[in-house]
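Visitor: just the structure for this:
(chains A and B)
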Amino acid sequence: MPSIWTSLASLALIPALFLVATRILSFKTRWDPCLKHCFVTGGSSGAGLALATLLAQNGAHVSIVARDKAKLQKALEVLETVRHNPQQIFRAYSFAVNTEQGSVAAIGAASEPFDGHCPDAYFLCAGASRPGFFVEQTEESLKAGMESTYYAQAFSALAATKAMVQQGVKGKVVFCSSILGYFSMVGYSTYSPGKFALRGLAETLQSEFMLYGIDVHIAFPGTIYSPGYEEENRCKPKITLKIEETDDGAQPEVVAKVILDGVRSGKFHISVDFIGHVFRTSTAGSSERNSYLLDWVHAVVGYIGLPTWRKMWVDNLVVKHRDEHEGYLRERGLCSVE
Amino acid sequence: METKLITAAVALLLGALFTLLLSYTMLFSKKWDPKGKHCLVTGGSSGAGRALAVELAKAGAHVSIVARNPERLQKALEEVEKARKTPEQVFRCYSFAVNTESGSVAAIEAASEPFGGRCPDAFFLCAGASRPGFFIEQSEASLKQGMEQTYYAQAFTALAATKAMVKQGIKGKVVFCSSILGYFSMVGYSTYSPGKFALRGLAETLQSEFMLYGIEVHLAMPGTMYTKGYEEENVGKPKITLKLEETDEGATPEHVAGVILKGVRNGKFHITVDFIGNVFRASSAGASERNSYALDWIHGLIGYIALPIWRKSVDTAVVGHRAEHQEYLRERGFLSV
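Guide: Model prediction:
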C-alpha cells in the first residue's frame, strides 16, 4: 500500500515524464553564440555590458546599443580586450531604442556590416529603476516608469521580430525582467508593473514565435551591483531599503554568466539564484518549465517559505513603519492634519 | 549531515504549521459590507462594470458610475435605479475619461460632491478593452494603445483614488480588473497581456504599500465574459487564437460581477471566477497573499500536472498553423521575395 507521499511524488512524475518524452521527440541542440551576431541593448553598462563581454569571449559578433557615446566607446574597448578570434565584428551604436523607429534604425545600422542580414540574437538589457511611494507619483512618473521598464525593450523586440520574420532568421529574443516581475512590494509602483508587463509579452511571444521558429527567453535577476543600482538606491524609500537589508546582490558578470548559460540550454525563464528559482517555480502557472522534478522541490520550499517571509518580514516591517510614514506624509502635505 | 537534515525538517514543519495557521486565521477575518458605502465604478456603463454597479446597488451601496459615453451612462443609471434598495442610496453617473490622472481626479471630485467632498470608500476599476492581433502586425502606436486600454485605464484612477483616500484618512478599497490573461498568455495577445500583467504588478506593490494606510487592494482575474467588449475583441482576433479558445466556456458579466463582489466582501486579494481561474491563481501565486493555503495546494497540484499538458496542445496547434500563417504573411508582403 503506497504511502501518501509516494503517491504525491509519483503524481509529480507524470508531467516530468511527459516533458522528458516531448524533449526527446523535439531534441534541442545547445545554442552556441560563436560567430552568431548578437545585438545587445543597454549594452554599455551593467548586466548588458557584462553580457556583451561574455558573448565576445565566446566568439560572437557583438553590436552594443545605448545612448551615451562615451560609455559606448569605453564598452567597445572592453570587448576588444576579450576578442576570441580575428573574424569577430564588434560595433557600438548610439540610438534610443525606446521607440520603434529608434530600434529599427539601430537594427538597420547593426545589419550593415553583415550585408543587411539582421542579428541572430537580441539581448534586451535596456532599463532603469526609480522607486518611490505611490502617493508621490504622477501620471508622468508612472509613464516614465513604464518607459524605462517595458517600452525600453518591447519596441526593440517588435523591430527584431519583424526583421527576423522578413528575413527568415530563426533567432532569439532575450528579455531582461527582474525578480520584481515575479512579486512586488512597497516602493516599486513605477517598476514592477513594467517588469510584469515584460513577462506578459514574453509569455505571448513564447507561444506566437512557434509560428516562426524564433526562441524567446526572459531573465529575472535580483539585485545587481551596477551603476544603475546605485542610482536606484538614491531615491528608494527607507522602508524599502530596510526590507532589502538582508538581500544578497550579485555582480553583473555573475548574472550575465547565468543568463547566457540559460540561453544556451534553451531555458525560457532564467532565474539567477536560489530565491529566484523559488519565485520562478512558485509563479510558473502554465509557463514552460525547465525541469519538472527540480521545480517541484523549489515550489514546495516556496509554498511554505514565501508566505512566511512575506508575513513575518515584509508585511511586519511595513505595518511598523506606519507612524513614521504618517509624519513623512504630513511634512509633504499629503495627508490631512488631524 | 544529520543535524542539517533535522534542522531542515524542523524548519519545514514549522513553516507548514505557520501556513496552516494562516489558513485558520483567514476564516475569521471580518467581512466587508457595501451597504451605505460609496462605490465608484469606472467602465461602469457596460459589461462587468455595469453588472458590478447593479450588484452594489442591490447590496445597499451608493453608486457612482464613470465612463465616457453619456447615453450609455444614462441607460446604465436606469438599470442601477431598478436595483435600488433604500431611498437613501445616492446613484449618479459621470462622463469622464479616466485614462489620465487629471480625468480621474476630476471624476472623483465630481463623485465626492453629493457627499460633502468626502471621497468614495471603494473604487471598482473596470475600464479596459482588448484588441488582439499578431505581434508582427503591431506598431509602436498599437502596443502603446494596448497599454492604454489595459494598464493606464486603471492605474491613474488608482493613483487619484489613493491620494484622495490618504489625504482624507479613508481606509477604503481599490479593486482592479485584470484578466486570466494576466496569469498566462498565448498567440495574439501582445497588445493585451502585458497591460493585464502590469495591473497585477501594480496590485502586488499596493497590497504591500497600502498596509501603510489601512487601504485594501483586490485583483480580479476573470476569463471570457459575454459582453459587447468581447464581440468587439473577436472582430480582429487571429483565427488561430479563436481556434485555441473554441473549447473555452465564458461567463455572463452578471455572474462575474457576483463572484467579484463576493471576493471583495470576503477580503480575497486575487479573485478568480471559475475552476480554471483557481488553478491558474494557485499555480502562479508566488509570494502573493493566498486566500486558502489548503485549497490552493490542491489547485496547485492539479495545475502542476494539467497545465503543461494543456499548454503542449496549445503549442502543437500553433506549430500546426505555421504554413497557413506563412501564406497570411506573404499576402501582406511581410516576407522578402
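
Visitor: low-confidence ranges, the chain, go.
Guide: Answering for chain A, as no chain was given. A:1-12, A:15-16, A:18-28, A:336-338 (pLDDT under 70).

Visitor: should've been chain B
Guide: Judged by pLDDT under 70, the stretches of chain B that qualify are B:1, B:23-29, B:336-337.

Visitor: quick one: the strands in it?
Guide: B:38-42, B:62-67, B:91-95, B:122-125, B:173-177, B:216-221, B:270-272 (DSSP state E).

Visitor: helix or strand for A:Phe175, which one?
Guide: strand A:172-176 (DSSP states H and E).

Visitor: that strand near chain B at all?
Guide: No: residues of strand A:172-176 contacting chain B under Cβ under 8 Å from any Cβ of the partner chain: none, with a closest distance of 10.5 Å. Backbone N, C-alpha and C define where each C-beta goes, glycine included.

Visitor: could you point out which element follows that strand?
Guide: Next helix or strand after strand A:172-176 toward the C-terminus (DSSP H and E): helix A:192-208.

Visitor: next, the angle from the helix or strand following that next one to helix A:192-208.
Guide: As assigned by DSSP H and E, the chain's next helix or strand after helix A:192-208 is strand A:215-220. Using axes from the mean of the first three to the mean of the last three Cα atoms, to 10 degrees, one finds that strand A:215-220 and helix A:192-208 are set 160 degrees apart in direction.

Visitor: what are the contacting residues of strand A:215-220?
Guide: A:31, A:171-179, A:181-182, A:198-199, A:202, A:205-206, A:209, A:255, A:258-259, A:262-263, A:266-272, A:276, A:279-280 (Cβ atoms under 8 Å, 6 or more residues apart in numbering or on different chains).

Visitor: picking that back up, mind listing the strands the strand holding A:Phe175 pairs with, and their directions?
Guide: The pairing partners recorded for strand A:172-176 under DSSP bridges are strand A:121-124 (parallel), strand A:215-220 (parallel).

Visitor: roughly how far apart are B:Val279 and chain A?
Guide: 9 Å (Cβ to the nearest Cβ, to the nearest Å).

Visitor: thinking that residue is in contact with B:Ala306, fair?
Guide: Yes: between B:Val279 and B:Ala306 there is a contact under Cβ atoms under 8 Å: 7.1 Å.

Visitor: the more surrounded of those two?
Guide: B:Val279 (25 against 16; other Cβ atoms under 10 Å in any protein chain shown).

Visitor: tell me the contacts of A:Lys172?
Guide: Counting by Cβ under 8 Å, 6+ apart, A:Lys172 has contacts A:31, A:120-122, A:214-217, A:263.

Visitor: counting neighbours, what do you get for B:Gly214?
Guide: Counted with other Cβ under 10 Å, B:Gly214 comes out at 14.

Visitor: quick check: it touching B:Lys171?
Guide: Yes: if you go by Cβ under 8 Å, B:Gly214 and B:Lys171 touch, sitting 3.9 Å apart.

Visitor: now the helices: where do they sit in the chain?
Guide: As the question left the chain open, I've gone with chain A. Along chain A, counting by DSSP state H, helices occupy A:4-25, A:46-57, A:69-81, A:100-111, A:139-146, A:152-167, A:192-208, A:227-235, A:238-243, A:252-264, A:274-282, A:292-309, A:316-320, A:322-331.

Visitor: that was the other one, I meant chain B.
Guide: B:2-26, B:47-58, B:70-82, B:101-112, B:140-147, B:153-168, B:193-209, B:228-235, B:239-244, B:253-265, B:275-283, B:293-320, B:322-331.

Visitor: excluding covalently adjacent residues, which one is nearest to A:Ser47?
Guide: Just so we're on the same page, residue A:47 is Ala rather than Ser. When the adjacent residues along the chain are set aside, A:Ala47 lies closest to A:Pro252, with 4.7 Å between them (Cβ to Cβ, 6 or more residues apart in numbering or on different chains).

Visitor: show me what from the stretch 1-150 of chain B comes close to chain A.
Guide: Close to chain A, as judged by Cβ under 8 Å from any Cβ, the stretch 1-150 of chain B has residues B:12, B:15-16, B:18-19, B:22, B:100-102, B:134-136, B:138-140, B:143-144, B:147.

Visitor: understood, closing this out.
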